[in-house]
Structure formats: structure tokens, C-alpha cells
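Chemist: sequence-free structure coming up:
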């Protein structure tokens, strides 16, 4: 009989499992803590459980994490981990250290992506499938197993896929990540990123999570945004901004707008004015990032001077503006470059296929 993998079980689900086995639900809490907080995967060593329960767990259950197919390190210290999932689909996770001591991990929520943003390598893959709760959380467990308890300080769901299109699994994963007896990671240092699935932004606001929200904006007019992000045809810019306002009012927190600059497309003074007007009255921070080129795609990267100039023009008009420097570009680990490919080939098809 194949054992059931408990990776991805939330606290509620673990307690319900114990109840179904005729055990007191609090046993589920003990097991949850052993697996996620202590990282003890040998049921026989869970000393506060009865021998009978430990034996039953050993017979019928397991806790199997993700296994890395390849780990690649950039000149700037960024690491990219390629995982091949049980069905052969690829995902990538990126660990990004900075000069201030932060270690940000960018995790995936889908293998591939259905949204086909014109500038993104992941979009060229199409959507292979949603990740399970365990596969989302498993990326973080792998990092702690390999690099220790302090492997990361910040978690951002900005890897492959759109978190709000894998909504239920993303939220269940967040519960495990931020539970004090789960991974115990601060919700305030956990960010859910979206290209702008407006109804789900409102639904997220209503859940009352303490996580942060980042919105990939990339253009300040509907006309330009729809040219680079087909999702804007379904969820137009006005609808998106209304949802963001709802989120900030409901949660009492500010949102981060991610704005990728493309040479001669969205980097003019007119774009500065449109962007500053668009975010007026919304508590927010704007992150500016130069486009990271993807082979075969049409866009060009502006110079660092052009990016800094855009920031200088924007800052008096917007209260918080930050220029993010690209990390891991030499290993295709930077924003928009993830495509699940072996480094020695950089081939069009996925590495795990």
C-alpha cells in the first residue's frame, strides 16, 4: 500500500486526520509541530506520541519533501534551484541575498503560467499545472534543510505562476508558512504577488491575512498595459485599481506596485505623470526594475541611467519609490527569466520533460 504524504497538511487538516483515526485532535498539533517546526520526519522519534500512533504513522504515512534537480549560483550570490516534480514538471526557486543581510526567497506556485505576459520567460511555457500546497511549502523546507534555519528572511510568491489563480493552495500554504508552530515565518515578511486578478484581490483582503500584497503593474494606462499583459483585457486597469483601493482600505496596509521599465515603451516623462496620477491617494510603494532580457522576446532593457532618471522624476510625485537592482541575470534567475531549463542547454523545452 502506498503511503500518504503529509507534506502540505495544514494544522486543521492534521487535527482532522487524527480525529478520523480515533485520536484526540491535539495529537495533530503535535505532529504538525514535529514536521514543520522541528523538521523531524521519523515518526518513531516523536516522543510525545503513543507507541501505537507512531507505529500507525510509520505504516501508513510519510513526509517526503522536494528533491532538487540542479542548483546554480550566480556571481552575485543568487542561487537558483530547479525542482522536477513527481510528474516530471519543472519549477524554479530563487534565493537572493543582499548587502543588507536580507535573504529573499522567490517561490513558485505553478509550473509554467497561463497569462502569457509578453516579456516573461515563464509565460512562454504555458500552464503545466498548479502546485499543491505541499509543493509550495516544500520549496521553503528544502532551503532550510540545505542552508539552515536562517536560510531566508523574506518570502515572496513571485516565481513561476500566478498565486491568485492557484488561490486555495496558495492560502493554505501561507497558513503553514506563517503558523508559529509551522514554519514560523512572519506574515509581514511574506508577500503574495499578482498581475492583477481583481476579484481575488478583494477576496484576499477579506481573509484578514497579515501578508503583504505586490501588484505587477508595468504600465500606467490601459492601452499600454494590454499590449504587454493580456490579462488586462479581462481585468482592466480601472477595475484593478479599484480592487487595490479596496485592499488597502480593508487591510489598513499599503501595497507595492512593481513597475518594469522597457526601453522606449513605458519610460518617458508622460509615463511618469500617468503613473503618479494612477496611484494618487493609494497607500503604496513603487518598485522600479529594468527589464531583464529574455531570448526571443522583443523588448529591450533601458540603461541604469534611464532607470535612475525615471525614479528621480517619479519620486516627488509619488511618496515611496525604490529602484530594485536585478540579481542573478547571469543564470537567468532574475525577474521574468524563470523557465525551468537546464543551464548547459537553455533549450526551448522544459528541463524535466
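Modeler: That came through fine. Computed from a predicted structure; not experimentally measured.
Chemist: what's the pLDDT at residue 75?
Modeler: pLDDT recorded at residue 75 is 89.
Chemist: doesn't it belong to a strand?
Modeler: No - secondary structure of residue 75 (DSSP: H, G, I helix; E, B strand; the rest coil): coil, not part of a strand.
Chemist: now the phi/psi pair for it, please.
Modeler: phi -60, psi -30 (degrees, to the nearest 10).
Chemist: distance check, it against residue 11.
Modeler: Distance, residue 75 to residue 11, by C-beta to C-beta, to the nearest Å: 41 Å. For glycine as for every other residue, the C-beta is placed from the backbone atoms N, C-alpha and C.
Chemist: ok, these two, which is more surrounded?
Modeler: When residue 75 and residue 11 are compared for neighbours, residue 11 comes out ahead with 19 against 10, by other C-beta atoms under 10 Å.
Chemist: pretty sure the more buried one is touching residue 28, no?
Modeler: Yes - with contact defined as C-beta atoms under 8 Å, residue 11 reaches residue 28; the gap is 7.0 Å.
Chemist: can you list contacts of the helix or strand hosting residue 16?
Modeler: With secondary structure defined by DSSP states H and E, residue 16 is part of helix 11-20. When contacts are defined by C-beta atoms under 8 Å, 6 or more residues apart in numbering, helix 11-20 is touched by residues 6, 9, 24-29, 31-32, 175-176, 179, 181-182.
Chemist: now those residues: which count as buried?
Modeler: Among the contacts of helix 11-20, those classed as buried by 16 or more other C-beta atoms under 10 Å are 6, 9, 27, 28, 31, 32, 175, 176, 179, 181, 182.
Chemist: quick one, what contacts the first one?
Modeler: Applying C-beta under 8 Å, 6+ apart, we find residue 6 in contact with 14, 31, 35, 61, 62, 63.
Chemist: what two of the residues you listed are the furthest from one another?
Modeler: Across those, no pair lies farther apart than 14 and 62, at 14.2 Å, counting by C-beta to C-beta.
Chemist: could you pull up phi and psi at the residue most central in space within the chain?
Modeler: In the chain, the centroid-proximal residue (C-alpha atoms, centre = their mean) is residue 157; its distance is 1.1 Å. Main-chain dihedrals, residue 157, degrees, to the nearest 10: phi -90, psi 80.
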